[in-house]
Structures are given as structure tokens and as C-alpha cells.
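**Student:** Quick one: sequence plus predicted model below, questions after.
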Amino acid sequence: MTRRTFGAALALTSGRPLLQAQQTTPPVPPAPGNFRRPMASDTPAFEGSLEFRRRAVARKAESVPMAQVKLLPGSVFHDAQEWNRGYMSRLPADRLLYNFRVNAGLPTGSVKPLGGWEQPENGERSSELRGHFVGHYLSAIAQQAANGDGEAKEKGGYLVAEMAKCQQKLGGEYLSAFPMSWWDRLAAGQRVWAPFYTIHKIMAGMLDMYRLAGNQQALTVLEGMAAWADGWTAPKPEAQMQQILTIEFGGIAETLYHLAAITNDDRWAKTGDRFQKKSFLNPLAAHRDELRGLHANTHIPQAIAAAVRYELSGDARFREAAGFFFQEAAGVRAYVTGGTSNAEAWLAPAGRLAAEWKLSPNTAECCCAYNMLKLARRLYAWDANPRYFDYYERVLWNHRIGTIRPQSGATQYYLSLASGAWKTFATEDQTFWCCTGSGVEEYSKLNDSIYWRDADGLYVNLFIASELNWEERGLRMRQETQYPASGQTALSIVAARPVEMAIRLRIPGWLGSAPAVRVNGKAVEASAQPGSYLALKRVWRVGDRIEMQLPMHLYAEAMPDDSSLQAFLFGPLVLAGDLGAEGLTEAHIVGPNLRVGAANVEQYGSPLGPPSSAGPVPEIEVPAFRATGSGLESWIQAGDGPMSFRTVGQRRDVSLVPLNGLFGRRYAVYWQVG
């Protein structure tokens, strides 16, 4: 699609400058199969060792720093931020440091170690991922520090300083919560559980403590770890490194590329290149979906690393790989919530989502959603295409906000879309799944993508109650909204220098008609199609106010391979059928990753899952629906509460409510509709 613009100018008040409104629609990412001509399948995109050459790519837009965006009380985003802050504050720093001190031979005193995936060496019960959560925690607490939390900054600084002591005790470079002998197992091809994955989390945490919290010591620790990774990988032949990369290694290449950028030292980028898995990249660069059978969250971070490599080098092969991967994982491999994967993998061919859905109840791992949002942000920065934020909004509202438990701050492993499922959550200190780690990161940065900017002005990409302080432009703006409950948002200028700029409003792709927009009470005589921006350009002054009404409507979304299997949405929200709470107890909800049906299917994602005293729950019937009339409104009608609905005229009628607010109840999202 080509860029389409139109404009209309009108005087809003006497003596005021003209306001220019125009629709801006960047080229939409092509549908699967509609790409440029792919490379020949017998000509791999990547052969032999990569040669890094720096040629940075300019980005179209950048997110406004978190320090300049504040979430306002009264929204579910502010609540989630505070629940997460409370959970993080209840984890003592010395418990987080326990395994690092043990590994370095330093005293631990009477500190009680954490359990679950952080379980220390204890006979047969020990975790080979120990230390991973601490890396996530560093990233999360750095984000809290960036948001102005002084206590978080102090606690993060203590963690960095104590981990630096462990690093020095181990020789000044290597830092981990597990012994060096595991690396011998990895090099020899013996079974070991993802040591580079864990090392990456720690390195990423140190990077964030430096970038976001201004901790210089964290950069020193990170450079030592990078030097160790360089020294360990450099002697390995190409074939051996590619074999090593068959064991999950996380996004370590991404962190090394970031380190190269901030230090202007290409050594780290060249080290990162050793972590490019060619069997994954080659098909993607040639626009071939060969994802079936791959572990999803092993590979999403690799796509993020490919995107960062492109930004640093301009190598188009990495752009193609990252872009095509996103197209598939966020498109024909994504459920209605935007989540992807089942039982942590892509189990079916592209577009066979209904077939995959039936294979396991363990759909939509939360780490996948977290990392797909990271990838969407990177791709959006290249061209500011609002379609990426249609996806971002879908995942944020339905998967991320819906998977943190109110008050406790506990998070989920899977967001099951199996009929009859219920949401299950981590324990306070005996779980520490990968998704516990990505969870504390997610809910520490809910203000990071609301507003974006470029040389011409501002992008308003999310409708979340918040306050923006764009210091460089002297612009302070307050967004007041109860979206999506109200279907409207209002932006008020609190402070402004008399400088002309554009404020671009994202027009969501789910809209059925153009929104109504008013500036200072007067209708803007320009519209914008769903999936585009409406750009309002003028000299903004204190007291100016933009109001946008987004007409909400009910609609269905079918599985790509089974049109009779449908989910229902209202605006951006996925609706779930409330199937009651019969038989559910706290033991069913806290501890296990997932339990569905009388068979009590359990998957902990680790041999360390806590034993459960919960008994079976009753089997329930999930009804099928019969469509009547000419549209959904003829048999799905408004319910008693806000954003609630109820079927009518069915053999068994069901209440439908937003999935993100349903806790302690069994539910269904996909329905057989005849």
C-alpha cells in the first residue's frame, strides 16, 4: 500500500493558528505470502562466520523515556504497577543473592534460599536455571528506578555491588549462580539446562541497571561477563558453536549488540555474532515459515537480536528475518489474545491454529507475549507503522494485564485458552518460572510505550491514563481516560512552549468506523481510517484539549483453519464465557502452571513444580452456540454490567465478560458456532 494523506485546515478560534489534520497511513506489513520475491531455497542467507561492519540505521520514531511518563491512579495499569512493586519489595535482596554467594564461596549467613527454579543444590532437588530470576529482577528494579523510585535504585545498587564481589571472587569476569563445570557439559554436548539463557538474564539486568538506573558498576560487571563469553566462544569452531546453539541461549546476542552500541566497541558485536543460529535465520530471511516444532520462547529473543543486529549494521538479511518472523508469529500463529505457542512450542504448520489449539491446554506462554511486545516495539521504531500497535494493544490488554493477580502481584506461566480452564499463578517464593521473571519486568514498564516521538512531534499509541512531560520540547500533557470502558480519551495540554508540532492519534484497526475528534470543543473536519494516524498539527498552548471518541462494537474472530471456531471481542477486549467456580480452591489456583478438567492435566515446566494437595475439579459442559439472525447482536446482547454481554436463545446461555478481569473462575474463549 502507498502512503495516503489528506488534509483539512480550519480556524478553531479567532486569532489562533490554523490546525492541520491529516490521516497518515504508512505501508501495512504485507500479509503472509505477499512478500517480495524470496531468495532461492538453495542459497542460504548466512554462510560461514559473520563479519560485523557497523553502519547504524536511523529509526523513524523512539519511545518517550519512562522517566517522562507517569501512570495516573485509577487505571488498571497503575494498579498492576503497584501490585508488582509490592511483590518485588517482599523479596529480600540477600535471598536473591544466596546462590551467587554460594557459587563464589562467600558466606550466606542464616539466609533462607528461594525455591522453585531458584532452588540451590540440594541433593536431587536443584535447578539448573538458578540465577535467571535475579537477572530479570535487576531489569525490573532498574525500570522502577527510571520511574523515580529511590528505594528501588538503592536496592538495585546493593544487588549489583554484592554480585560484583562474587564476580571478583570468581576471577573478575565470570559471574553466575552455578559452577563452571556446566560449561564443560555444554561444550561436550552433554545434557545441561540452558546456561547461556541464565547468563543472558544476568547480563541484561546489568545492562538495564547501567542504562536506566545510571549504575556505572553494573557496566563494569557486564563488560567482565562479556569478556568471559568472548573468551569461551572464540576458540569454538563454527560447527561446534552452531551445535551449542541448539540448547536454549536466550537473547544474549541482543545484549552484546547493545553493549557494542553504548561502548562503541565492536568486539562485543562480533561476540554477539557467534550467537546467531543459522538454521533459524536462513528460512526466515528467505521468507519461509519453518517454525513448526521449535520452542517458541527460545527463538523469539533470537528474532529480537536479529532486529538489533540490523539496526547496528544495516545488514538487510537480519531485517528480513526479524520482520518475517514477526509477521508469522503475530499473524497466523497468534491466538485471539495475540499470544502464541502451545506447550511452549509451535506444534502445527502455519495457519493451522485450531489444530494446534486442540493438542494441549497450555496455550500462550507469558514469556512469549512479553518478548513479542519487545519485538513489536523494535519493528515499530523503523517506520512508525500503527499496525504494530494494533497488535501491541491486543496483547497488552488481553494477555499481559489479564495475567497478574490483583493485590498479590503473582503472575502466570500460560494464559490457557482451553475451554474450561482457569487462571493459575506462581507462589510467593517457591516458583520463579521464566514467566515470573518476565512478569516483574513487564509490570515495571507499563508506561514505556504510550507515547513515541520524532522530529515532527508526538505519537499517542495507547489510551492509558497518564501524564507526559516531554522536557526537551517543554510539553506537558495529561491523558484522562477510562478506556476501553468508556470508549473515549481526552488529552489536555498542561504546559507548552509556543512551538508548532504534530500530535498523531492512533486510530485502532478494530474500529468499524472513523472516530469523532474534537479540539477545544470543535469537531475536527478530517477523519482517518482504522489502522492509521490522525495527525493534528498546530502551535499547542496551555489549556488546549483533544477529545477522541472511539465507537466500540461487538465482533467475532474465527480460527484461520476453522471458521466455526470463534472468539468474541468488544473493541480491543477479548470476551470470555464465565463458566463458574465450582470445585476451585486456592490450591488449584496457586502453585501449578495449569490444571484443566477432571484429569487435572499438570505441567510445571520444570521437574521442580511444587506438589499440590488440590483434588480434581468436576468436568463441565462447554456449550456450542447457534447463530440466529443477521448479526451477533441478534443473539449476543448487552449484560448487566459494563462491557458485559449474554447470549440469548441458546440451549444454555452464557455471560461474556472481558477475559482480562476474570479471576478465580473457569472460562471459555473459543466457541463452536453453527
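**Tutor:** In hand now; what should we look at?
**Student:** Skipping its backbone neighbours, what lies nearest Gly48 in space?
**Tutor:** Excluding the flanking residues, the one nearest Gly48 by C-beta to C-beta, 6 or more residues apart in numbering is Glu238, at 6.8 Å. Glycine gets a C-beta too; all of them are placed from N, C-alpha and C.
**Student:** quick one: pLDDT of the one you found?
**Tutor:** Per-residue confidence (pLDDT) for Glu238: 94.
**Student:** got it, and Pro611?
**Tutor:** Model confidence at Pro611, given as pLDDT, is 44.
**Student:** try the one 3 residues further on
**Tutor:** Per-residue confidence for Ala614 comes out at a pLDDT of 72.
**Student:** cool, the one 3 residues further on as well?
**Tutor:** Among the per-residue scores, Val617 shows a pLDDT of 83.
**Student:** Spatially, which residue comes closest to it, not counting chain neighbours?
**Tutor:** Per C-beta to C-beta, 6+ apart, closest to Val617 is Gly583, 3.7 Å.
**Student:** hang on, that neighbour in a helix?
**Tutor:** No: counting by DSSP: H, G, I helix; E, B strand; the rest coil, Gly583 is located in no helix; its state is coil.
**Student:** So the nearest residue to Arg90 once chain neighbours are set aside: helix, strand or coil?
**Tutor:** The shortest distance from Arg90 to any non-neighbouring residue, by C-beta to C-beta, 6+ apart, is to Glu428 (7.2 Å). Classification of Glu428 by three-state DSSP places it in coil.
**Student:** Touching, the residue nearest to Val617 and Ile589? I think so.
**Tutor:** No: using C-beta atoms under 8 Å, Gly583 makes no contact with Ile589, being 11.5 Å away.
**Student:** Compare neighbour counts for those two and give me the winner.
**Tutor:** Neighbours were counted for Gly583 and for Ile589 using other C-beta atoms under 10 Å; Ile589 has more, 19 against 16.
**Student:** mind checking how far the closest residue to that one other than its chain neighbours is from Phe133?
**Tutor:** Distance criterion C-beta to C-beta, 6+ apart; nearest residue to Ile589, sequence neighbours excluded, is Thr424 at 5.7 Å. Per C-beta to C-beta, to the nearest Å, Thr424 is found 18 Å from Phe133.
**Student:** Start and end of stretch 582-590, how far apart?
**Tutor:** This stretch, stretch 582-590, spans 16 Å end to end (C-alpha to C-alpha, to the nearest Å).
**Student:** Mind checking the pLDDT average for that stretch?
**Tutor:** When pLDDT is averaged over stretch 582-590, the result is 92.
**Student:** next one: stretch 663-674
**Tutor:** On average, the pLDDT along stretch 663-674 is 97.
**Student:** re earlier: so Thr424 and Phe133 - more neighbours on which side?
**Tutor:** Taking other C-beta under 10 Å, Thr424 and Phe133 do not tie; Phe133 has more neighbours (30 against 21).
**Student:** who's in contact with the residue nearest to Val617?
**Tutor:** Applying C-beta atoms under 8 Å, 6 or more residues apart in numbering to Gly583 gives the contacts 616-618.
**Student:** Mind giving me the ChimeraX select for the residues you listed, buried ones only?
**Tutor:** Written as a ChimeraX command, the selection of buried residues from the contacts of Gly583, which uses 16 or more other C-beta atoms under 10 Å, is:
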select :617
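**Student:** Out of the contacts of Gly583, which comes closest to Leu72?
**Tutor:** Nearest to Leu72 among these: Val617, at 39.2 Å, using C-beta to C-beta.
**Student:** helix/strand/coil for the closest one?
**Tutor:** Val617 carries the three-state label coil when classified by three-state DSSP.
**Student:** That one contacts Ala587, correct?
**Tutor:** No: with contact defined as C-beta under 8 Å, Val617 does not reach Ala587; the gap is 10.7 Å.
**Student:** Secondary structure element holding the residue nearest to Ile244 when sequence neighbours are not counted?
**Tutor:** Excluding its sequence neighbours, the residue lying closest to Ile244 (C-beta to C-beta, 6+ apart) is Leu186, at 6.1 Å. In the assignment (DSSP states H and E), Leu186 maps to helix 181-187.
**Student:** Report the distance from that helix to the chain centre.
**Tutor:** Put simply, helix 181-187 sits 31 Å off its chain's centre (C-alpha atoms, centre = their mean, to the nearest Å).
**Student:** for the helix or strand that that helix is followed by, packing partners?
**Tutor:** Note on helix 181-187: by DSSP H and E, the next helix or strand toward the C-terminus is helix 195-211. Here helix 195-211 touches helix 132-146, helix 150-169, helix 181-187, helix 216-233, helix 252-263, going by 3 or more C-beta pairs under 8 Å, 6 or more residues apart in numbering; DSSP states H and E.
**Student:** So Phe326: helix, strand or coil?
**Tutor:** Look at Phe326: counting by three-state DSSP, its state is helix.
**Student:** hang on, Trp452 in a strand?
**Tutor:** Yes: with three-state DSSP as the criterion, Trp452 is part of a strand.
**Student:** can you pull the contacts of it?
**Tutor:** 61-64, 380-381, 384, 458-459, 461.
**Student:** again, only this time at 10 Å
**Tutor:** Residues near Trp452 by C-beta atoms under 10 Å, 6 or more residues apart in numbering: 60-64, 377, 380-381, 384, 389, 458-462, 504, 506.
**Student:** likewise Gln243?
**Tutor:** Applying C-beta under 10 Å, 6+ apart to Gln243 gives the contacts 186-187, 189, 236-237.
**Student:** same thing but at 8 Å, please
**Tutor:** Counted by C-beta under 8 Å, 6+ apart, Gln243 has contacts Gly189.
**Student:** Assign it to one of the three secondary structure states.
**Tutor:** Applying three-state DSSP: Gln243 is helix.
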